[in-house]
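Visitor: structure for the following, please:
(one chain, ligands or ions: 2)
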Amino acid sequence: MIQSLTLSHPTGTITGSIKLPASKSEANRALIIAALAGGKSKLHNLSEANDTQLLQRLLKSDAKVVDAEDAGTVMRFLTAYYAVTGQEKTLTGTERMCQRPIKVLVDALRELGASIDYLQEEGYPPLKIGNFKSTGKKKLTVRSDVSSQYISALLMVAPLLPEGLELELKGKISSRPYIEMTLSLMRHFGADANFESNTILVPHQKYKPAVFHVESDWSAASYWYSIVALAKDAEVTLLGLKENSFQGDSAIVAIMDRLGVYTTFTKEGIKLIKKHCEKNVAFDFSDCPDLAQTIVALCASLGVTLELTGLESLRIKETDRIQALQIEVLALGTSLEEISPGVFRMKPGIINKQDLAFRTYQDHRMAMAFAPIALLQPVQIQEPSVVRKSYPRFWQDMEKVGFEVRHSN
Ligand SMILES: O=C(O)C1=C[C@@H](OP(=O)(O)O)[C@@H](O)[C@H](O)C1
Ligand SMILES: C=C(OP(=O)(O)O)C(=O)O
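Guide: Ligands and ions are numbered 1, 2, ... in the order given. Okay, here's the model as predicted:
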């Protein structure tokens, strides 16, 4: 197994055209809904991301014990899918997955009539899922400030419930674009749903099989924005992205417009070129939490003062991402400080010129967010295979645009 890789870029000039992986978020919704629709849906451009390959395999499997590995969507979506279709399954995951809370979803499913037991710690996987016996309940209130994946999971199975579902969201709605994405996909497969104020209404109805083409992944695009911003000169084309996307991470266009990258939409995707970069920026990541690591690593390298809010959900992802960032930016001579509850600030620092090595904490986004720094000086990335979760070809794509990638055991 490769323990680390060393990355460098001899010229600092980047040109090329990259075929991004498809969005695992879109793909995993399409897979669940297509399974619920029955019949013959046609899903095109399914992601090569492990999270999607895994869900595809699991949906075809009769195994009683199911391993969702480190894939949040797989764990949450399958919990609702097995529960409401009444499939007896034990659903588990990696050690970290068993530390990621699932109580909000399990409580809601139990109220609807699901039988779910915790096999270890109350509120966390692994779960034992059994028969479904509808309680006939239609109205539910769920917290929406922990993970939107619980809400997406409930919404996708809602058309199967005898009374449909009226879901009232309580508290801040975090990762809201992912809820909108779920509703858009449901509508694509013929289901009605209405989201007004903080209530989502889904009638009892049948999904219809459909053809769906998965768009490229905007979260993956963010690393290429970072590469363009840090390059001496750059022109990069990213294929398969659309201006009207289902993905909230398309917010990267506006964010990077302030951090030195200009985007043009073309027929085949987007073209990125360099532009002026601001020196002091503030962003709220509530709608796009997966972009936070990219922006932190980039601002630390560019010497930009950054204020961040909306990071609450980062503590329960593949790792505690706030803690991981706080440790890793130290090597960039800066620190990420919580200056008041929920408000973080990072000031420009001086990069430690020697031995720049980044740990990745079993988190694909830590690896990809810090890799572009190799445009400034060689960097070592530990456990580089973590990228398989969302972007297995990441290192090969880096080589395509002139990065030198040296693997060591
Ligand atoms: O529904 C989805 O596809 C996702 C929702 C987000 O999670 P939270 O809702 O937990 O913030 C995001 O971070 C994750 O990568 C994918
Ligand atoms: C948080 C992520 O994934 P998940 O929650 O689906 O494991 C991610 O891909 O950044």
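
Visitor: count of residues packed around residue 150?
Guide: Residues near residue 150, counting by other CB atoms under 10 Å, number 24. Bear in mind the C-beta positions are built from the backbone N, C-alpha and C, glycine included.

Visitor: so what's it scoring on pLDDT?
Guide: We have a pLDDT of 98 for residue 150.

Visitor: which residues does the residue of the stretch 101-250 of the chain found nearest ligand 2 contact?
Guide: Closest to ligand 2 within the stretch 101-250 of the chain is residue 149: 6.4 Å, counting by CB to the nearest ligand atom. Residues near residue 149 by CB atoms under 8 Å, 6 or more residues apart in numbering: 72-73, 76-77, 105, 175, 178.

Visitor: right, and residue 194 touches residue 167 too?
Guide: No - using CB atoms under 8 Å, residue 194 makes no contact with residue 167, being 10.8 Å away.

Visitor: of the two, who's got more company?
Guide: residue 167 (24 against 11).

Visitor: partner residues bridging that one?
Guide: When assigned by DSSP bridges, residue 167 has beta-bridge partners residue 140, residue 200.

Visitor: what about the closest residue to residue 408 other than its chain neighbours, distance to residue 173?
Guide: Setting aside the residues directly before and after it, residue 408 is nearest to residue 4 in space (CB to CB, 6 or more residues apart in numbering), at 5.7 Å. According to CB to CB, to the nearest Å, residue 4 and residue 173 sit 39 Å apart.

Visitor: residue 115 too?
Guide: Distance from residue 115 to residue 173, by CB to CB: 29 Å.

Visitor: let me know the secondary structure of residue 260.
Guide: strand (DSSP: H, G, I helix; E, B strand; the rest coil).

Visitor: next, count neighbours for residue 186.
Guide: 23.

Visitor: then residue 128?
Guide: By other CB under 10 Å, the burial measure for residue 128, its neighbour count, is 16.

Visitor: didn't it look like it was pressed against residue 117?
Guide: Yes - taking contacts as CB under 8 Å, residue 128 lies within contact range of residue 117: 4.5 Å.

Visitor: tell me, how many residues neighbour the closest residue in space to residue 223 that isn't next to it in sequence?
Guide: Nearest residue to residue 223, sequence neighbours excluded (CB to CB, 6+ apart): residue 368, at 4.6 Å. Per other CB under 10 Å, the neighbour tally for residue 368 reads 28.

Visitor: before we move on, what about residue 208?
Guide: Neighbours of residue 208 (other CB under 10 Å): 13.

Visitor: can you confirm it is in a strand?
Guide: No - counting by three-state DSSP, residue 208 is not part of a strand but coil.

Visitor: my read: it touches residue 189, true?
Guide: Yes - Residue 208 is within contact range of residue 189, at 6.0 Å (criterion: CB under 8 Å).

Visitor: quick one: common contacting residues for the two?
Guide: Common contact partners of residue 208 and residue 189 (CB under 8 Å, 6+ apart): residue 37.

Visitor: wait, doesn't residue 401 sit right on residue 236?
Guide: Yes - counting by CB under 8 Å, residue 236 is a contact partner of residue 401 at 7.3 Å.

Visitor: joint contacts of the two?
Guide: Here residue 401 and residue 236 have 14-16, 18, 227 as joint contacts, going by CB under 8 Å, 6+ apart.

Visitor: buried ones among the residues you listed?
Guide: The neighbour count (16 or more other CB atoms under 10 Å) marks 14, 18, 227 as buried among the shared contacts of residue 401 and residue 236.

Visitor: and these, which of them are in strands?
Guide: In this view, those that belong to strands under DSSP state E are 14, 18.

Visitor: ok, and which of the buried ones among the shared contacts of residue 401 and residue 236 reach ligand 2?
Guide: Here nothing survives when these are matched to ligand 2 using CB under 6 Å from any ligand atom.

Visitor: could you export the buried ones among the shared contacts of residue 401 and residue 236 as JSON lines, including pLDDT and distance to ligand 1?
Guide: Below are these laid out as JSON lines (pLDDT from 0 to 100; distance: CB to the nearest ligand atom, whole Å):
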{"residue": "14", "pLDDT": "98", "distance to ligand 1": "26"}
{"residue": "18", "pLDDT": "98", "distance to ligand 1": "20"}
{"residue": "227", "pLDDT": "98", "distance to ligand 1": "21"}
